[in-house]
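> could you work out the structure for the sequence below:
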Amino acid sequence: MDGKAEEIKGRIKEAAGDLMDDKDLKDSGKLDRASGKVKQKVGKAVDKVKDALKK
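The predicted structure is shown next:
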């Protein structure tokens with residue numbers, strides 16, 4: 001799963017946790033969101049390195 005999709009999944013889980021008053025689900029959503037953001041940043045860094053090596 002790519003970073004953006006994981007971030008969206010986390011937002012959905014967090015919202016569901018809020019609606020159902022489920023702290024574990026909400027925390028799981030926060031973790032998914034954070035993981036998605038990290039994946040996006042790593043992906044951007046890898047792209048920059050690849051671009052620099054092509055020059």
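
> now for the most centrally placed residue in the chain: which residues touch it?
Centrality entry for the chain: nearest residue to the mean C-alpha point is Gly36, 1.4 Å, by Cα atoms, centre = their mean. The contact partners of Gly36, by Cβ atoms under 8 Å, 6 or more residues apart in numbering, come to Gly3, Lys4, Ala5, Glu6, Glu7, Ile8, Lys9, Gly10. (Glycine included, C-beta is placed from N, CA and C.)

> now Gln40, what are its backbone angles?
Backbone geometry at Gln40, expressed as degrees, to the nearest 10, gives phi -60, psi -40.

> low-confidence stretches in the chain?
Filtered on pLDDT under 70, the chain yields no residues whatsoever.

> wait, Lys37 touches Asp2, no?
No: with contacts counted by Cβ atoms under 8 Å, Lys37 stays clear of Asp2, the gap being 11.8 Å.

> stretch 24-38: which residues count as buried?
Leu25, Lys26, Ser28, Gly29, Asp32, Arg33, Ser35, Gly36 (16 or more other Cβ atoms under 10 Å).

> and Gly3, how close does it get to Asp24?
Using Cβ to Cβ, to the nearest Å, Gly3 is found at 23 Å from Asp24.

> who touches stretch 14-25?
Here stretch 14-25 makes contact (Cβ under 8 Å, 6+ apart) with Lys13, Lys26, Asp27, Ser28, Gly29, Lys30, Arg33.
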